[in-house]
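>>> pasting a predicted model and its sequence here:
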Amino acid sequence: MAGLFDTFTIAKRGLNVQQSAINTTSHNIANANTTGYSRQRSVAEATKPFGGMSRFDAVITGQVGTGAEITSIQRIRDYFIDYQVRSESGTSGYYTQASETLSKVEDVFGEPSDTGIQELINKFFNSFQEVSKSPDKSDVKTVALQNASSLADALNYTYNQLKKSCEDSQSLLKANVTDVNSYLNQINELNKQIRSISAVGQTPNDLMDKRDNLLDELSYKFGVKVDRDSLETINLSSTEYPDSPLVKSNPNDTDYYRLSYIKNATFDKTTGNVKVDYYPLGNENSEVKSFTITGGNQEIADKLNESKILIGDKDGIVGTTVTTTDTVTGKTTTTTTPFTTTSASEVSKKLFQTYKHENDDSGKAINNVDNNNVKGEIAANQSVQNKIEKYMDSLDRLAAGLAYSVNAIQTGSLDDSKSTQGLSNNLIFVTFDESSQSNTDSDKGITAKNIRINSKLLKDPTLLNCNTTSTSGEGDGKRAIAIANLSSVKMNLSSIEDSEDLTKMDRATFLSKVGISGFKDGTSLELNAKTDGSTVDTYYKSIINNLSVEIQEANRQVNNQASVLSNLQDQKASVSGVSLDEEMTNLIQFQHAYQANAKIISTVNELLDVVINGLKR
């Protein structure tokens, strides 16, 4: 049967158990404000009991307990909540980034405003109303031309600022590539450390917390797919590209992928190829790598310049990956042959984009990503560029519709090479030549980017055509009022497809596409337009309204996701977070238990003193 020394051992074990519990509680309290820390607890179990296990043992009732021991330090974590938090974090990251970018676009338009495009359109048409009243006064013409110049400048500025917003999104994608690769490398290294510690029977709780923190940060960039493996390791991939592993549980397996950043993709009209230059791992200090897409086009180059991110091997090299297994040793070897010349369909498999483009060179969707499940800041930065470009296209149509209709009335002709009624062919709106850095005398290919006011008219306002004909007298202002009346002319500007290149379109072609077939009579004062479509002012308002709707939707989603994510974070904190009140309560409990075990040792000591020293007397 058990003796006093057994009781002493039980009490000693009890001290060790309570001391471990106090140490764990102290660790929890110390990390109460540590981001991502999961509270821990010492798991105590009863040790193996002692009792009559052989025929020579005395018959006793039951078994004699031998105390308790700590079997593990448990990390309190709910993996299902982790999954939910990361999934919603990706959605939140997408809408938050989209909302921020679209809000900047809204600031670019700056509507409503006294200096915005809408107000400048009204001032432009109103000033020509004033010209029609005093067509012989050069100062009135000067004001009208200055208003036209201000409108052209506003269109230029807005277009260029929208283009800059696209470039800013691309710069953010470069930062995302660097951040993601850094996160992945840290997770990979932590995976190795966790594996080595778990292999010797210990539980690396704090290292697992660090890894989970990185996974949480990564989930804001794109959808993460985490598969748990043995020895507390994980396999990590993207939900959009589950067949492209980013972290492997086996530290000896180097067949994983990293992201690279496209520096530039250019289409060569002569060869019909697209050359792609990229920075492996997004490192601008590294050597630029290149490959060529045969049979490409400008659209493919544009899509590559939007997406900006490629999936490369562990060194960021983009190519064809081949995995071979030695039949004798069973060893697996993975090699990547860098692309030299390839097709767009091959590149689409290496393109890390989280939303679908229209198609590739084969006419198929450029990837298999479901637009309804896009997640993360990367997806937002990629897809928002497409939205901004649509606003840029709308501005191009607006500028072209305005310029071509005004110039048609100014010259009395839909043909950009001549004028009628004996009028001069001095256009009000002309294009800007990038190569010569000067204005042209033509409006062919006019867009919001290149629209300018004719400098000849600014220098000599008398060149502005206000009269019905060149011989109708100075008091005739009918052509000026005709330009002012263009404010009510409807054009079907939406009929111009996004794929059409406005820089190659002339006045007659554009006006015909938007529903203007010519002039109503021989005076060339009133355009023959259809009743459908919208005025220039209404079309611009529709652009602003569409932008407002998109921003409202993005903000609504941001608020909804913030609520959902907040609830999940609260659930996560209720499971894994440290409650100081609870820990202090536990501390008192463990302290009393420790004191009770110490009291047992003191009692045993007294009993041993009675047995040993008392027997002498």
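Sure thing, it's come through. Residues are numbered from 1 along each chain as shown.

>>> sketch out the low-pLDDT regions of the stretch 51-200 of the chain for me.
When residues are selected by pLDDT under 70, those of the stretch 51-200 of the chain lie in 51-62.

>>> can you give me the strands in it?
According to DSSP state E, counting those that start in this stretch, the stretch 51-200 of the chain carries its strands in the segments 68-75.

>>> what's the top strand by length along the chain packed up against?
Scanning the chain for the strand with the most residues, using DSSP state E, yields strand 258-268. Counting by 3 or more Cβ pairs under 8 Å, 6 or more residues apart in numbering; DSSP states H and E, the packing neighbours recorded for strand 258-268 are helix 138-198, strand 273-279, helix 298-307, strand 309-312. Where you see a C-beta, it was placed from the backbone N, CA and C, and this is true even at glycine.

>>> and residue 558, which of the ones you listed is closest to it?
In terms of Cβ to Cβ, the element of the helices and strands packed on strand 258-268 nearest to residue 558 is helix 138-198, at 17.3 Å.

>>> buried set for the helix or strand just after that closest one?
Where DSSP states H and E defines the elements, the next helix or strand beyond helix 138-198 is helix 205-219. Across helix 205-219, burial judged by 16 or more other Cβ atoms under 10 Å covers 205, 207-219.

>>> C-terminal to helix 205-219, what's the next element?
The element immediately downstream of helix 205-219 (helix or strand, assigned by DSSP H and E) is strand 224-228.

>>> and the gap between residue 211 and residue 236?
Residue 211 sits 10 Å away from residue 236, going by Cβ to Cβ, to the nearest Å.

>>> can you check residue 416 too?
Per Cβ to Cβ, residue 416 is found 59 Å from residue 236.

>>> on that earlier part again, mutual contacts of residue 211 and residue 236, please.
Each of residue 187 lies in contact with both residue 211 and residue 236 under the rule Cβ atoms under 8 Å, 6 or more residues apart in numbering.

>>> ok, of the buried residues of helix 205-219, which one's closest to residue 331?
Nearest to residue 331 among those is residue 211, at 27.9 Å by Cβ to Cβ.

>>> among the helices and strands packed on strand 258-268, which is nearest residue 318?
For residue 318, the closest of those is strand 309-312, at 4.6 Å, according to Cβ to Cβ.

>>> for residue 389, the count of nearby residues, please.
Residues contacting residue 389 under the criterion other Cβ atoms under 10 Å number 16.

>>> now residue 404: closest residue in space that isn't a chain neighbour?
Of all residues not flanking residue 404 in the chain, residue 507 sits nearest, at 4.6 Å (Cβ to Cβ, 6 or more residues apart in numbering).

>>> same question, residue 18
Per Cβ to Cβ, 6+ apart, closest to residue 18 is residue 594, 4.0 Å.

>>> gap between that neighbour and residue 15?
The spacing between residue 594 and residue 15, counted by Cβ to Cβ, is 6 Å.

>>> mind checking what secondary structure residue 36 has?
coil (DSSP: H, G, I helix; E, B strand; the rest coil).

>>> grab the nearest non-local neighbour of it.
Using Cβ to Cβ, 6+ apart and skipping the chain neighbours, the partner closest in space to residue 36 is residue 213 (3.8 Å).

>>> pLDDT at that neighbour, what is it?
Listed pLDDT for residue 213 reads 96.

>>> what's the answer for residue 412, then?
Here, the pLDDT recorded for residue 412 equals 94.

>>> give me the number of residues near it?
By other Cβ under 10 Å, 24 other residues sit near residue 412.

>>> quick one, what contacts it?
Going by Cβ under 8 Å, 6+ apart, residue 412 touches 419-421, 423, 465, 479, 519, 523-525.

>>> most neighbours out of these, which is it?
residue 479 (28 neighbours).

>>> is it true that that residue touches residue 486?
No: contact between residue 479 and residue 486 fails when scored by Cβ atoms under 8 Å: they sit 11.3 Å apart.

>>> excluding chain neighbours, what is closest to residue 391?
Leaving aside its sequence neighbours, residue 391 sits nearest to residue 162 (Cβ to Cβ, 6+ apart; 5.9 Å).

>>> look up how far residue 449 lies from the one you found.
10 Å.

>>> low-confidence ranges in the chain?
Applying pLDDT under 70 to the chain picks out residues 1-2, 51-62, 322-328, 330, 332-334, 354-373, 615-617.

>>> let's go with 50 and repeat that
Along the chain, the model assigns pLDDT under 50 to residues 55, 356-366, 368.

>>> ok, the closest residue in space to residue 130 that isn't next to it in sequence - how many residues close by?
Nearest residue to residue 130, sequence neighbours excluded (Cβ to Cβ, 6+ apart): residue 140, at 5.5 Å. If you count neighbours by other Cβ under 10 Å, residue 140 ends up with 22.

>>> correct me, but residue 140 touches residue 134?
Yes: the pair residue 140 / residue 134 is scored as a contact, 4.9 Å apart, by Cβ under 8 Å.

>>> what sits closest to residue 15 if chain neighbours are left out?
What sits nearest to residue 15 in space, not counting adjacent residues and going by Cβ to Cβ, 6+ apart, is residue 597, at 4.8 Å.

>>> count the neighbours of the one you found for me.
By other Cβ under 10 Å, the residues close to residue 597 number 22.

>>> before we move on, the earlier item: contacting residues for the residue nearest to residue 404?
Neighbour list for residue 507: 404, 407-408, 414-416, 443-444 [criterion: Cβ under 8 Å, 6+ apart].

>>> again, only using 6 Å
404, 414, 416 (Cβ atoms under 6 Å, 6 or more residues apart in numbering).

>>> same question, residue 131
140-141, 144, 466, 480.

>>> ok, it to residue 138 distance?
From residue 131 to residue 138 the distance is 10 Å (Cβ to Cβ).

>>> again with residue 350
Residue 350 is 63 Å from residue 138, by Cβ to Cβ.

>>> of these two, who's got more company?
Legend: neighbour count by other Cβ under 10 Å for residue 350 and residue 138, higher for residue 350 (21 against 13).

>>> in stretch 242-256, which residues are buried?
245-249, 255-256.

>>> repeat that for stretch 191-206.
Of the residues in stretch 191-206, those buried by neighbour count under the rule 16+ other Cβ under 10 Å are 191, 194-195, 197-198, 203-205.
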